[in-house]
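Colleague: sequence plus predicted model, see below.
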Amino acid sequence: MKKKVFLTLLLLCGILFSHAQTSLLKGQITDSVDKKNPANAVISLLRKTDSVLVMFTRARQDGQFTLGPVDSGRYILMITHPYMGDYFDTLQLQAGVPQDLGRLYMTPKSKLLAEVILRTGTPIRIKGDTTVYTADSFKVRAGANVEELLRRLPGISVDKDGKITAMGERVKKVLVDGEEFFGSDPGIATRNLRADAVKEVEVFDKKSDQAEFTGIDDGVKDKTINLKMKQQKGYFGKVELGGGLKDKYNNAAMINSFKDKRKLAAYGIMSNTGQTNLDWQDAQNYGGNDNMSTGVTDDGGMWINMTRDADENFWGGRNGIPRNTNGGLHYSDKFGKDLKQSFNSGYKFSKINADAASSVFSRTFLPDSSWLSRSNSNNYNSNSKHALNLTLDLTLDSANTLKWTARANKKNTAASSFSYSEMLTEELDSINNSRRNSHSTGDNSSFNSTLLWKHKFKKLSRTLSVNTDFNWSNSSNNGFLYSLNRYYTNGLHERTDTIDQEQTRENSAKGISTKISYTEPLAKDFYMELSHSIAWNSSTSDRQTYEKSNNGKYEEVVDTLSNSFVFDRLVHTPGLNFRVNKKKYNFTFGAAAGFSHFIQKNKTRGNSTPYNFVNFFPQAMYNYKFKPNTGLRLNYNGSTTAPSLEQLQPVFVNTDPLNIYIGNPLLKQSFRHNFGLGFNWYNVLKEKGIWTSIQFSTTDKAFVQSSSIDAAGRRTYQTVNSDGQYNLNLYSDYSFKIKKIRLGAGPTATIYRGVDFINGVKNFTTTKNAGLRLNAGMNKEKKFDFDFGPEFTWNVSAGSINTEANAKYWQLEGWASGRVYLPKKFEIHTELNTELRQKDKRFVQNNNFTKWDMDITKRFFKGNDLEVKLGVYDILNQNRGFDRSFSSYSFTESYFTTLRRFWLLTLTWNISKNGKPASGF
Amino acid sequence: MKKILSFLLLIASTNINAQQFINSGTIEFEMKTNNHKAFGDGIWAEMFKDKIPQFSTYWYSYTFDNNKSLYKFDRQDEKTKIPFGNNNVEENIWFNDYETGTAVSRKFVFDDNYLLTDSMMKINWKLVPNETREIAGFSCRKAVGIIFDSVYVFAFYTDEILIPGGPMGIHGLPGMILGITIPRMYSSWIATKVDIVNVNKTLITPPLKGKKKQGKDLIENLKKVTSDWGSWGQQAIWNIFL
């Protein structure tokens, strides 16, 4: 009866399971030696085709098991037990047919021991869908080729015809470092390459070329072997040829050849379209990138610092349109165990010539008089520079690192200038005018070397570092000045004076400084930093001015314009800082004091003046984290600044006879307080955030300008100390997202109060700007990028004594950019910059302009080897070099030469072998 | 019925075969991440690599009893600490019930602690029975699985432990997973200690605090937000939902 019920049940089950195409499995496991029933043995069912685990169970106490329901099909039955040898069998499960496997015997491992093969450290790794064999782990005879190596690899076989089979499949392709080796016939690579040159053998399924090209997987996969060679050798680079109407050119060639970590790179640029150097990305790939440094701060921040050579800032500046030629060589290598030691060196050459024209209009209002002035000048500048740099980074052991850098520069300059300036009364009668010619040549050389030793003690966070810096520089300058100055009274010519001089200037400086820093963990998350630095510096300045004698030679020394100084400086700076780093907050506080001793020796007069200054640098910072992305930051720092040599040295400089700067030996130190408060909040999931900060700074005994202007319009000015100067800056930004559009808005404001003296009267000039910044952007990878950002500003400038130079105006600065990726590898890019200002009746011109650029690029070939780009710069031909400024008693507008409309056709040819240029993150 | 059966089975196994098979214990997992690899090889990344340790090491404890487990942060190696990122892993707790296939976890996601309830992820495992490795004194077999549609997981499990579990949400092998490597996350988890004597079973309770949310809702939300982060976004999601 019982049996019947069971059978019926089974039948029922069978019907049910056949409907679901499933089956049941049962069995009984027995120990083949002592006939016990191994409980808890794992019974696993693997799919036959790919060994995927479908189901598992453990044997009951009596060794019995049931498994299922399971789909019909072919399976591998795997039974394992810690003390038994594994049991494998293949099964064909039929729908609806329960299968009783009956008694299955397992053998205890003790009996199997003789057959166990011990494996030590597997030379085979699985990386994603790739099997990687480390070639050196498989011994082959000396001089063997790759084919012999492949024969040794488990899972790979090579028949007598050279046909390779891997994981049971015929290998269709053999690649070398990812590239086809003289066509894809597998035999060519395997028979021609030596086994000992191979680092790793990778086996994987490669999509068909068709699929890779179209991006649509057609399911065709070829078993492929990639031979990774031991030395990564290759190169990449590009040649860029650009030419355009109105004689524009922009040519560049760059190459980087590498072998493992060794890098040899070179570049050359010739341009008159403003490309005076490599951009940062190219600088990383083809230059040494020694202008960039990075670091990680104790509270988890990362910083990147980029510096630019001052003489490279031609773009958008007042120095005209540069024609430049530059080039560089870079060599770097890593060596030693784990490649912890590195060597970095570079040479750079640049020659920049630039013609520039500028004109300046200004109006000046004094309590008893006012006038306007105009000037025009044409300048020519030429700079050529050679620069060498060297860096050696050594990791001596796990506790000590040493870094040595050295830089040497040599620069030659030549400049000439022709200018005309005049001052007129309100009725346009002449007050004075001046015609000037000058030209000069100069040589500068400098050398700088730094040695940094860092030591980590056994105790966590206890560190010591010693940094020594040596620098030397020398410059000499020789110039001629011819100036014809006419002076008028009531519009009538009164007198004329002429300056015809030769001037020589020799400056040299040398210095050495050492800083020792020590960090001690006082308690958990509490650190003390002690430091001391000693700096010694000596500089000389020698100026000689000769007037033209009757014999036509420049021989007569002009005493007032000639002098010779030696300036010695010794500064001791001890410092003490405390730092607390908690999860929720961190703060630091401390101070450094600079004890400086200066001696200024006037060699011409034979006297010397000592100056002793004590400079303080207190600082405190508190940072509270409400959440990882929400924080409040408060900071203060104070700093003393001592007057500079130029500010102290009482020597007349008469390059512009109507504007003469004189030194002030009575200058005191100034002290600047800087307060900051910032708050930021960001919600990642909602993609919303606020960044806001207020900065306030005020300076005691600030260095300000004091001018005295005589009736003839000659201005003499010097630096004096004054209180009452401050600066307030507010920044805020709220960013959010609506659908796919990124939006941002934020008010900004600045208030600046400056101080100056005119003919002994103290003036305050207050400049206030209030603005609103907006931005919107949208992008889709490989499809388009759009960005748009207008900024409205309301500007007010007011003087305390004189209101004539006051100004109120609004201003709109805006930019927009767009990039669209079109089919057939076309790409369109456009950029728009606009500046609109409220018209001011006092100025002659309206200076609104819009600069609009556009270019279209087409790429050719599979790897985008060739790029053709047609671009128009400043389509509307409106670009302007323009500047407007207001002071307490005058306002000024200046115009200078700048690049205007041109078009450029650029061909770029990218070359590469085994490598490609690195890009951002 | 099935429940009762397996319950009986468990009782039986613990009583009779206590010496052979383990049903409760505490496992210490050592987790190592290759920071340099995780940073990628872009220009910025290259510049920061020598400023941070190549590997960071963390230890987690995994306590299991019957078919439930609790996995949480224990400590980290201060010397290999990177000053940014991963600073809130201490808060994370994974509670798994392998019997019902449900998981309750507390995860710190960007700014908030979330209490996530979800069914455990389904992992297709391919067994590699011939490859074995000894981990913490246990002989382990290899298996290869795929998570998050395409991420390979290499796992070593032992059938001497009866629970089909493992660190985080990785599970589904006929035994306990004692070693995991996820190449695309540049991380590995290896058991260093298995303690079957001092087991604090009271620990194994689901976390209670945190913003309640369904795991699948949060993952959808994160996918949307991180869609333009490139590989960093992907790594972030994997890290959260493992």
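Modeller: Cool, got the structure.

Colleague: compute the first-to-last residue distance for stretch B:119-128.
Modeller: Here the two ends of stretch B:119-128 are set 27 Å apart, with distance taken as CA to CA, to the nearest Å.

Colleague: let me see the ranges of the helices in chain B.
Modeller: Per DSSP state H, chain B carries helices over the ranges B:2-16, B:35-38, B:43-49, B:215-225, B:231-241.

Colleague: weakest of the ones you listed by average pLDDT?
Modeller: Lowest mean pLDDT of these: helix B:2-16, a mean of 38.

Colleague: and residue 195, what's its pLDDT?
Modeller: Picking chain A for this. At residue A:195, the predicted lDDT confidence score is 79.

Colleague: could you do chain B instead?
Modeller: 87.

Colleague: quick one: furthest residue from the center of chain B?
Modeller: Residue farthest from the centre of chain B, counting by CA atoms, centre = their mean, is residue B:43 at 32.1 Å.

Colleague: contacting residues around the nearest residue to residue A:614 once chain neighbours are set aside?
Modeller: Closest residue in space to residue A:614, ignoring its immediate chain neighbours: residue A:595 at 5.6 Å, by CB to CB, 6 or more residues apart in numbering or on different chains. Where you see a C-beta, it was placed from the backbone N, CA and C, and this is true even at glycine. Taking CB atoms under 8 Å, 6 or more residues apart in numbering or on different chains, we find residue A:595 in contact with A:571-573, A:614.

Colleague: filter these to the buried ones?
Modeller: The neighbour count (16 or more other CB atoms under 10 Å in any protein chain shown) marks A:571, A:573 as buried among the contacts of residue A:595.

Colleague: could you dump the contacts of residue A:595 into a markdown table and include pLDDT?
Modeller: Supplementary listing: those in a markdown table, determined by pLDDT from 0 to 100:
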| residue | pLDDT |
| --- | --- |
| A:571 | 92 |
| A:572 | 94 |
| A:573 | 93 |
| A:614 | 87 |
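
Colleague: can you show me the strands along chain B?
Modeller: Secondary structure of chain B (DSSP state E): strands at B:24-34, B:55-65, B:68-76, B:93-97, B:102-109, B:112-119, B:124-135, B:138-147, B:151-158, B:176-182, B:187-195, B:211-214.

Colleague: from those, which stretch is densest packed?
Modeller: Mean neighbour count, computed with mean count of other CB atoms under 10 Å in any protein chain shown, is highest for strand B:176-182 among those, reaching a mean of 25.

Colleague: helices or strands up against that one?
Modeller: With contacts defined as 3 or more CB pairs under 8 Å, 6 or more residues apart in numbering or on different chains; DSSP states H and E, the packing partners of strand B:176-182 are strand B:124-135, strand B:138-147, strand B:151-158, strand B:187-195.

Colleague: is there proximity between the helix or strand where residue A:199 lies and chain B?
Modeller: Using DSSP states H and E, residue A:199 maps to strand A:198-207. No: using CB under 8 Å from any CB of the partner chain, we find that strand A:198-207 stays clear of chain B, coming within 12.3 Å at best.

Colleague: buried residues in that strand, which are they?
Modeller: Residues of strand A:198-207 classed as buried: A:198-204, A:206-207 (neighbour count, 16+ other CB under 10 Å).

Colleague: stretch A:826-835 too?
Modeller: Going by 16+ other CB under 10 Å, stretch A:826-835 has these buried residues: A:827, A:829-835.

Colleague: show only the entries of these found in helices.
Modeller: Nothing among these maps onto helices, per DSSP H.

Colleague: from these, which land in strands?
Modeller: A:827, A:829-835.

Colleague: so the residue farthest from the centre of chain B makes contact with residue A:281?
Modeller: Yes: using CB atoms under 8 Å, residue B:43 is in contact with residue A:281, at 6.7 Å.

Colleague: tell me the contacts of the residue lying closest to residue A:721 once chain neighbours are set aside?
Modeller: Leaving out its chain neighbours, the residue that sits closest to residue A:721 by CB to CB, 6+ apart is residue A:701, at 4.1 Å. Residues in contact with residue A:701 (CB under 8 Å, 6+ apart) are A:668-671, A:721-723.

Colleague: now with 6 Å, please.
Modeller: By CB atoms under 6 Å, 6 or more residues apart in numbering or on different chains, residue A:701 lies in contact with A:668, A:670, A:721.

Colleague: and the strands of chain B, which one's lowest on average pLDDT?
Modeller: strand B:124-135 (a mean of 81).

Colleague: looking at per-residue confidence, what score does the residue nearest to residue A:721 get?
Modeller: In this model, residue A:701 carries a pLDDT of 92.

Colleague: for residue A:310, same thing?
Modeller: 50.

Colleague: which secondary structure element is home to residue A:748?
Modeller: Assigned by DSSP H and E, residue A:748 falls within strand A:741-758.

Colleague: paired strands for that strand, with orientation please.
Modeller: strand A:702-709 (parallel), strand A:725-738 (antiparallel), strand A:761-780 (antiparallel) (DSSP bridges).

Colleague: wait, residue A:516 sits on residue A:467?
Modeller: No: when contacts are counted by CB atoms under 6 Å, residue A:516 is not listed as touching residue A:467 (8.0 Å).

Colleague: related to what we said a few turns ago, just the CA trace of the strand holding residue A:199, in PDB.
Modeller: The C-alpha coordinates for strand A:198-207 follow below in PDB (Å, rounded to 0.1, in the frame of the first residue of the first chain):
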ATOM      1  CA  VAL A 198      58.500  36.700 -23.400                       C
ATOM      2  CA  LYS A 199      57.300  37.800 -20.000                       C
ATOM      3  CA  GLU A 200      53.800  36.500 -20.100                       C
ATOM      4  CA  VAL A 201      51.600  34.400 -22.300                       C
ATOM      5  CA  GLU A 202      48.000  35.500 -22.300                       C
ATOM      6  CA  VAL A 203      45.200  33.400 -23.600                       C
ATOM      7  CA  PHE A 204      41.800  34.800 -24.300                       C
ATOM      8  CA  ASP A 205      38.800  35.000 -26.700                       C
ATOM      9  CA  LYS A 206      39.100  38.000 -29.000                       C
ATOM     10  CA  LYS A 207      36.100  39.400 -30.700                       C
END
